[in-house]
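# predicted model and sequence follow; I will ask about them next.
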Amino acid sequence: MDLFEHQARQLFEHYGVLVPRAEVADSAPEARAAAERLGGRVVVKAQVRAGGRGKAGGVRLAADPVAAYLTARQILGMDIKGHTVHRVMVAEPVEIEREFYLGYALDRAAGRFLAIASAEGGMEIEEVAARRPEAVARIPVDPDEGVTDAKAAEIAAAGGLPAEAAPTVRRLWRVLTEQDALLVEVNPLVRTRDGAIVALDGKVTLDDNARFRRPRAYAADTADDPREAEAAAKGLNYVKLDGHVGVIGNGAGLVMSTLDVVASRGARPADFLDIGGGASAEVMAGGLALVLGDPDVRSVLVNVFGGITACDAVAEGIVRALDTVTLTKPLVVRLDGNSAARGRAILAARAHRLVHQADTMDGAAARAAHLAA
Amino acid sequence: MAIFLTEHSKVIVQGMTGAEGRKRTRRMLAAGTNVVGGVNPRKAGTRVAFDDRTVPVFGTVAEAVATTGADVTVVFVPPPHAKAAVTEAADARIPLAVVITEGIPVHDAVAFQAHARARATRIIGPNCPGLISPGRSNAGITPADIAKPGRIGLVSKSGTLTYQLMYELSDIGFSTCVGIGGDPIIGTSHIDALAAFEADPDTDLIVMIGEIGGDAEERAADFIKADVTKPVVGYVAGFTAPEGKTMGHAGAIVSGSLGTARAKKEALEAAGVRVGATPTETAELVFALLADTGDAARHRSGR
């Protein structure tokens, strides 16, 4: 889960990393009041989880509280890369002397975290790395040792950061490990005119697998889509997509593959829903209700290969959902593997005119795509 | 011979005494796995009854290894305790730990992978179905009834896609099917499995299933180009996945332009791998390749 900038800022502050004074505002009058408290001249920043906010006009300087009001009015409701701005952060401006980049990211191939540091901050680090790879230091961190004072000094020196940035290097490692983050990125990290090292922006991705031990819970308001929030609350793996075929299956790989096969048949998937291994009838019924409730969905494809999952339980779940929801959209079901014959018989016995069974995955996808056209 | 797991493997189960572990252990035994023990400090000295036999429970992995000579452990321990379980297995110097558990925090996986590497314990997983050498042994949760013995080696990040391909190719059969797992940090990579299949005289052809996220498939493509002589057929899932969204598996995420299915498919094709557009088409590619190379393969295996 990605945090918003203002949430990352709060975390950094908690760990002793210097950040600008700031407040969040959900309306233009709130932004004006915040600007008054912060001394008048402020930066108004759109709070969306997407890069390139500055280029999109989502980050602007306001000379006084009235300007902050007017700027917030313009930014709130703005669309940045498909994300609607519902909230702004109003921050005290900082006198920048120099900009740097500092981050920690997972090196999947090596199985450990890397510190990434560069004296070329304020730009997309991928672009810097592509243009001038020697300008970006990538230092592996031993998981047993972590980032000690010596290691922090090594990282700062390698990236061309000032020596006084070393404590920040250490504190951000604590954010990464103690908060179970997968990514911590500060771009830019700045040295101000008076020599302070300040995190001017922050991106933090938390590990969803560590939710059970995270000291603070983040509300479901971080989901981009109301249906994603509902699915998360039910413990379902769900992603909202932009097409018209709702796709449900068991196992992430098989569902991803099903999306691709639907796309190859000329339709676009509307949803990704993985009911997981060993799903019960309840889980299947709940998942189907969720996907059927999506107004973009014109047809639904259920593709299950029963390994641990029993196809008769899946069929029971579908029948249960049919008893509680009035089906108005066609449903194509392909069941194979564990208890497939029993599952097919259960659906055949229900004999709903909008429920179609298919023998193969490709055939099912073609049918669902056709029905959504 | 198969890879990593044979009929000679002696398997213990960490988490055997729980409801889930018991159910899975019963199925492993039914598939012919030589399960020699379970581990649970609170139930040490007891035995767990399965259909036609009982399996002893040990207090520690070290004790289980010392008593039974176990060389494989299958870990069903829930996420909060998985790190301790895998660390204990590595400390007991067990050669292979198959970690089925889904939902292990990445920082825990980083820690236990480093710990295991330093002790020469191979980890498969986490978040995987385990591996099966059909007709010989099954370490994990792969449904044994669809896995027929044969001469295809299969390596995959995804459990259900593995099952789908096993089903499509059940008439040919498999030497070993390895589910390496869908997490960002895994112990055994595509490359490790490819290298083992290349060296395995019982494997004629390799099927490699990948998905979005990371660059393991691209690395595997480089390895295939340089070091694999056996035919490889590939499949990659996630062409329609949007950027920045985690698609079910913790590791399945496209970040910016990194980790796309297209890049993986192109890298594999550039290495001479035939890549199917759907699982069914992938199976068709296998049939076609086997028909072409059948004579050579029979010659090599001495049949």
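Thanks, I have it.
# and the residue in the stretch 151-300 of chain A that chain B sits nearest to, what does it touch?
Nearest to chain B, among the residues of the stretch 151-300 of chain A, is residue A:253, at 2.2 Å (CB to the nearest CB). Where you see a C-beta, it was placed from the backbone N, CA and C, and this is true even at glycine. Residue A:253 makes contact with B:156-162, B:182, B:209, B:211, B:237, B:248-249 under the criterion CB atoms under 8 Å, 6 or more residues apart in numbering or on different chains.
# please identify the buried residues of stretch A:66-77?
Neighbour-count burial for stretch A:66-77, with 16 or more other CB atoms under 10 Å in any protein chain shown as criterion, is recorded at A:67, A:68, A:69, A:70, A:71, A:72, A:75, A:76.
# how about stretch B:135-149?
B:135-144, B:146-148.
# give me the neighbour count for the residue of chain B found nearest chain A.
Using CB to the nearest CB, the single residue of chain B nearest to chain A is residue B:158, 2.2 Å away. If you count neighbours by other CB atoms under 10 Å in any protein chain shown, residue B:158 ends up with 31.
# could you do residue A:189 as well?
When neighbours are counted by other CB under 10 Å, residue A:189 comes out with 31.
# and it, that one's in a helix?
No - judged by DSSP: H, G, I helix; E, B strand; the rest coil, residue A:189 forms no part of a helix; its state is strand.
# how about it, what does it touch?
Contact analysis of residue A:189 by CB under 8 Å, 6+ apart lists A:99, A:100, A:101, A:102, A:121, A:161, A:165, A:168, A:197, A:198, A:199, A:200.
# one more time with 7 Å
Taking CB atoms under 7 Å, 6 or more residues apart in numbering or on different chains as the criterion, residue A:189 is in contact with A:100, A:101, A:102, A:121, A:165, A:168, A:197, A:199.
# report the lowest-confidence entry in these.
Across the contacts of residue A:189, the smallest pLDDT goes to residue A:121, namely 90.
# how much space separates that one from residue A:197?
If you measure residue A:121 against residue A:197 using CB to CB, to the nearest Å, the figure is 12 Å.
# residues contacting the residue sitting furthest away from the middle of chain B?
The outermost residue of chain B, judged by C-alpha distance from the chain's mean C-alpha position using CA atoms, centre = their mean, is residue B:45 at 30.8 Å. When contacts are counted by CB under 7 Å, 6+ apart, residue B:45 is found next to residue B:57.
# what about 8 Å?
Residue B:45 sits in contact with B:57, B:59, where contact means CB under 8 Å, 6+ apart.
# again, but for the one 3 residues further on
When contacts are counted by CB under 8 Å, 6+ apart, residue B:48 touches B:16, B:17, B:22, B:25, B:38, B:54, B:55, B:57.
# mind telling me what element the last one is part of?
With the criterion set as DSSP states H and E, the secondary-structure element containing residue B:57 is strand B:54-58.
# contacts for that strand next, please.
Outside strand B:54-58, the residues within contact range by CB under 8 Å, 6+ apart are B:12, B:16-17, B:25, B:29, B:35-40, B:43-48, B:64, B:67-68.
# what is the mean pLDDT for it?
Mean pLDDT, computed over strand B:54-58, is 97.
# run the chain-centre distance for the following helix or strand past it.
Remark: after strand B:54-58, the chain's next helix or strand is helix B:61-68, criterion DSSP H and E. Using CA atoms, centre = their mean, to the nearest Å, the distance from the centre of helix B:61-68 to the centre of the chain it belongs to is 24 Å.
# helix B:61-68 - contacts with which helices or strands?
For helix B:61-68, the elements it packs on are strand B:11-14, strand B:35-39, strand B:54-58, helix B:79-91, judged by 3 or more CB pairs under 8 Å, 6 or more residues apart in numbering or on different chains; DSSP states H and E.
# enumerate every residue touching residue A:363.
Applying CB under 8 Å, 6+ apart as the definition, the contact partners of residue A:363 turn out to be residue A:334.
# whoops, residue B:287 was the one
Residues residue B:172 are the ones in contact with residue B:287 under the rule CB under 8 Å, 6+ apart.
# now do the residue nearest to the residue of the stretch 151-300 of chain A closest to chain B when sequence neighbours are not counted, the pLDDT please.
In space, residue A:253 comes closest to residue B:158 once its chain neighbours are excluded; the distance is 2.2 Å by CB to CB, 6 or more residues apart in numbering or on different chains. In this model, residue B:158 is scored at 92, pLDDT.
# could you do residue B:302 as well?
At residue B:302, the model reports a pLDDT of 45.
# residue B:48 is in what secondary structure piece?
The secondary structure element spanning residue B:48 is strand B:47-49 (assigned by DSSP H and E).
# for that strand, which strands pair with it and how are they oriented?
Using DSSP bridges, the strands paired with strand B:47-49 are strand B:54-58 (antiparallel).
# and the partner strand, what's buried?
Using 16+ other CB under 10 Å, the residues of strand B:54-58 that count as buried are B:55, B:56, B:57, B:58.
# any low-confidence regions in the stretch 101-250 of chain B?
Counting by pLDDT under 70, not a single residue of the stretch 101-250 of chain B qualifies.
# around chain B, pick out the residues from the stretch 251-373 of chain A.
Counting by CB under 8 Å from any CB of the partner chain, the positions of the stretch 251-373 of chain A adjacent to chain B are A:251-257, A:259-264, A:268-269, A:272, A:274, A:277, A:305-308, A:336-338, A:360-362.
# for the stretch 51-200 of chain A, what spans make up the strands?
Here the stretch 51-200 of chain A has its strands, by DSSP state E, counting those that start in this stretch, at A:59-62, A:79-80, A:83-84, A:88-91, A:96-107, A:112-118, A:136-141, A:181-192, A:197-199.
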